[in-house]
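K.L.:
Sequence and predicted structure are below.
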Amino acid sequence: MRFFIEKAGARSAYADARHDARQLMRGPPAPRRRLAALFALVAISISACGARACGGGAAPPAPAAAPEIRFVGRFDHGDGGSRFAWSGSTIEARFVAKSIAMRLRAAPLEPHAVVVDEKPVLLHEKTTTYTVRVDDRPPVAIQVSHERASYELATGLDDGKPHDIAISRDAEAFAGVHEFLGLDLPPGGVFLPPRSRARRVEIVGDSISCGYGVLGADARCPFTYETERASLAYPALAGRALDADVTTLCWSGRGVLRNYDGSTEETMPVLFERTIPTPPGVPWAFRAPAPDAVIVALGTNDFAGGKGEPLDVPAFEATYVRFAARIREVYRDAWIFVATSPMLGPGVARASLDRVVARRAEAGDRRITLLELEHQGSRVGCDAHPNAEMHRILARQVEQALRAKLGP
C-alpha cells in the first residue's frame, strides 16, 4: 500500500460491470427545469389513480426524511436534511413520473494534499462523483460540487409505470460531509413505498473497499476522485448480486492498530463507532435492524505501512481480537468474516488473521470465519490497487462466502 490520505441480480452485477465502467465516464442528461413532486398528496394520488399519476400543479417536494425515501448506509437525519460521508452511501426511492431531480448540499472541495510514494501531491479536483441507477438502465455518473444545489437524475421516463432509483456516493469520507435535501418530481408525479431487501451486509475496510484507483489504467496513476468509484468496488458488486443492502465503512490508509503513515489515532475500530467519520464525528447508535454479516477487510496498512517501522504483530492481533469482540457486542447474531488482503503477498498476515479467528472462537464466538481473498497479481489500477477486473473477482468470492453462510 503506497499511499496515505492526509486530509481529513447476480448476472447484472458481473456481466454488466465492464459496461458500467464505460457508462460511468459519461455525463448526466442536460439540466432542465426542476419541478416539485406532489408529495403532500401521495396517498390520495395512489388510491385514486393506481400506478399512474393523476396530474395537477406543483406541490412541496419530498423532504430528505420522507418515508418514501430509503437510506442505505449511515446517515445523520436532521430537521433540514440528512448528512452523510461514508463511501457507497445510497439514497433510494420508487416513483411514477417522467423525470426526477435531487437536491444536495456538497462540501467545498478545495485543493488538498495527498501523499504518494512519500511525496506530497496537491489535488485540484472540484467535483466528486455519484452513480445513479434507474431501473435496468445503464448507470450514469453525475459530478457534484458545492456550487450547485440541484441535479437532474433521469428524464424521458415512462410515466405509466413505477421506477426505482438509487443514488450512491462514490468518493471517500475525506471528500467532506454532504447533505441530502430531497427529491423533486414534475407535476403529476408521485412517490410510492420504497422497495426493501431481506439481506443486510456491513463491510469495514480501507482503500480497497472504497474502490481507490479502480478506474486507473495501471499502477502509475496517483489517487484522484475521478478514478475512485465505490459503485464499481467489490462491496457494491456483491451487494447487487445478492440483492442485499450494503453499508461500507472505509477510509484509505487506515488500519487496525496503526495507519499507513504509522499513526495510531483515528484507526478503523475508532471510526466504526461513528455515523459521520470525520472528527469530531457523530456517534452511531447501532439500532436494529442489524446486518446479517460483517466483513472486516483490514490489515493492509498495518503490515505494509509504518514508514519502515516493523509492525508489533502481537499488538495487532490483540487489537483485532478486541475489535471483533466489539462487533459481536453490537451485532449479536451476525456472521463475521475476517478477510485477507488482495494487495499483500501470498501468506502475508494470513497467520495473524488465523490466530484472530481462533482466539475469538476460543472465547465462544461460533459465527466468525476467515475469508481468503485472491491475490490481485497484475490486475491493478492506480497506486497498485485492485482494478475493475480484480474487484469483479473479489465480489464473486464475497458473494459465494456470504451465500455459504446466509443461504442461497
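P.N.:
Done, it's in.
K.L.:
Okay, buried residues for stretch 268-281 please.
P.N.:
268-269, 271-272, 274-278 (16 or more other CB atoms under 10 Å). All C-beta spots, glycine's among them, are computed from the backbone N, C-alpha and C.
K.L.:
next one: stretch 363-372
P.N.:
Of the residues in stretch 363-372, 365, 367-369, 371 count as buried by neighbour count, 16+ other CB under 10 Å.
K.L.:
helices and strands of the protein: which one bottoms out on pLDDT?
P.N.:
helix 42-49 (a mean of 32; mean pLDDT, DSSP states H and E).
K.L.:
Excluding chain neighbours, what is closest to residue 67?
P.N.:
residue 193 (7.8 Å; CB to CB, 6 or more residues apart in numbering).
K.L.:
now do residue 218
P.N.:
In space, residue 218 is closest to residue 380, 6.8 Å off (CB to CB, 6+ apart).
K.L.:
ok, the one you found - how many residues close by?
P.N.:
Residues within reach of residue 380, counting by other CB atoms under 10 Å, total 21.
K.L.:
Equivalent analysis for the one 10 residues further on, please.
P.N.:
Taking other CB under 10 Å as the criterion, the count of residues near residue 390 is 24.
K.L.:
tell me which element it is part of?
P.N.:
If you go by DSSP states H and E, residue 390 is part of helix 388-406.
K.L.:
So which elements touch that helix?
P.N.:
Secondary-structure packing of helix 388-406 (3 or more CB pairs under 8 Å, 6 or more residues apart in numbering; DSSP states H and E): helix 10-15, helix 17-23, helix 234-242, strand 293-297, strand 335-339, strand 368-371.
K.L.:
circling back to that earlier point, show the pLDDT at the residue nearest to residue 218.
P.N.:
Here, the pLDDT recorded for residue 380 equals 98.
K.L.:
Is it correct that it is in contact with residue 391?
P.N.:
No. Look at residue 380 against residue 391 with CB atoms under 8 Å: they stay out of range, at 11.0 Å.
K.L.:
Now render the buried residues of stretch 363-372 as a markdown table, adding pLDDT and distance to residue 219.
P.N.:
Output for these, formatted as a markdown table (pLDDT from 0 to 100; distance: CB to CB, whole Å):
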| residue | pLDDT | distance to residue 219 |
| --- | --- | --- |
| 365 | 98 | 38 |
| 367 | 98 | 37 |
| 368 | 98 | 33 |
| 369 | 98 | 31 |
| 371 | 98 | 25 |
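K.L.:
quick one: which of those is nearest residue 171?
P.N.:
Nearest to residue 171 among these is residue 371, at 26.1 Å by CB to CB.
K.L.:
Which stretches in the protein count as helices?
P.N.:
10-15, 17-23, 42-49, 207-210, 234-242, 268-271, 300-304, 313-330, 350-362, 388-406 (DSSP state H).
K.L.:
Export the ones you listed to a markdown table and append columns for distance to residue 262.
P.N.:
Formatted as a markdown table, the helices of the chain follow (distance: least, CB to CB, whole Å):
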| stretch | distance to residue 262 |
| --- | --- |
| helix 10-15 | 37 |
| helix 17-23 | 34 |
| helix 42-49 | 53 |
| helix 207-210 | 16 |
| helix 234-242 | 27 |
| helix 268-271 | 15 |
| helix 300-304 | 10 |
| helix 313-330 | 13 |
| helix 350-362 | 18 |
| helix 388-406 | 27 |
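K.L.:
most packed of those?
P.N.:
helix 207-210 (a mean of 29; mean count of other CB atoms under 10 Å).
K.L.:
Contacts for that helix, please.
P.N.:
For helix 207-210, contacts defined as CB atoms under 8 Å, 6 or more residues apart in numbering pick out 1, 3, 87, 172, 203, 213, 228, 230, 233-235, 248, 250-253, 297, 300, 341-343, 385-386.
K.L.:
burial measure for the closest residue to residue 243 other than its chain neighbours, as a count.
P.N.:
Leaving aside its sequence neighbours, residue 243 sits nearest to residue 197 (CB to CB, 6+ apart; 5.8 Å). Residue 197: 14 surrounding residues under other CB under 10 Å.
K.L.:
Check residue 382 too.
P.N.:
Neighbours around residue 382, by other CB under 10 Å: 26.
K.L.:
That one against residue 226, yeah?
P.N.:
No. Applying CB under 8 Å, one finds residue 382 not in contact with residue 226, separated by 9.8 Å.
K.L.:
joint contacts of these two?
P.N.:
residue 215.
K.L.:
Okay, now the unreliable bits of this structure?
P.N.:
Within the chain, the segments meeting pLDDT under 70 span 1-65, 112, 114-119.
K.L.:
Domain parsing of it, as residue ranges.
P.N.:
3-18+197-406, 32-192 (automatic domain parsing).
K.L.:
Report the distance from the last one to the chain centre.
P.N.:
This means domain 32-192. Its chain's average C-alpha position is 15 Å from that of domain 32-192, according to CA atoms, centre = their mean, to the nearest Å.
K.L.:
One more: the longest one?
P.N.:
For domain 3-18+197-406, the gap between its own C-alpha mean and the chain's C-alpha mean amounts to 11 Å (CA atoms, centre = their mean).
K.L.:
start the count at 11, not 1, going forward
P.N.:
Done: numbering now begins at 11, and the last item shifts to domain 13-28+207-416.
K.L.:
Quick check: which of the helices of the chain is nearest to residue 162?
P.N.:
Judging the helices of the chain by CB to CB, what sits closest to residue 162 is helix 27-33, at 16.7 Å.
K.L.:
show me the contacts for residue 413.
P.N.:
Applying CB under 8 Å, 6+ apart, we find residue 413 in contact with residue 252.
K.L.:
still on that earlier bit, mind saving the C-alpha coords of the helix holding residue 400 as PDB?
P.N.:
Written as PDB, here are the backbone C-alpha positions of helix 398-416 (Å, rounded to 0.1, in the frame of the first residue of the first chain):
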ATOM      1  CA  ALA A 398     -12.200  -3.200 -12.100                       C
ATOM      2  CA  GLU A 399     -11.400  -6.700 -13.200                       C
ATOM      3  CA  MET A 400     -10.000  -7.600  -9.800                       C
ATOM      4  CA  HIS A 401     -13.000  -6.100  -8.000                       C
ATOM      5  CA  ARG A 402     -15.300  -8.300 -10.000                       C
ATOM      6  CA  ILE A 403     -13.200 -11.400  -8.900                       C
ATOM      7  CA  LEU A 404     -13.300 -10.200  -5.200                       C
ATOM      8  CA  ALA A 405     -17.100  -9.600  -5.500                       C
ATOM      9  CA  ARG A 406     -17.700 -13.200  -6.700                       C
ATOM     10  CA  GLN A 407     -15.600 -14.500  -3.800                       C
ATOM     11  CA  VAL A 408     -17.500 -12.400  -1.300                       C
ATOM     12  CA  GLU A 409     -20.900 -13.400  -2.800                       C
ATOM     13  CA  GLN A 410     -20.000 -17.100  -2.600                       C
ATOM     14  CA  ALA A 411     -18.800 -16.800   1.000                       C
ATOM     15  CA  LEU A 412     -22.000 -15.000   2.100                       C
ATOM     16  CA  ARG A 413     -24.300 -17.400   0.300                       C
ATOM     17  CA  ALA A 414     -22.500 -20.300   2.000                       C
ATOM     18  CA  LYS A 415     -23.300 -18.900   5.500                       C
ATOM     19  CA  LEU A 416     -26.500 -17.000   4.900                       C
END
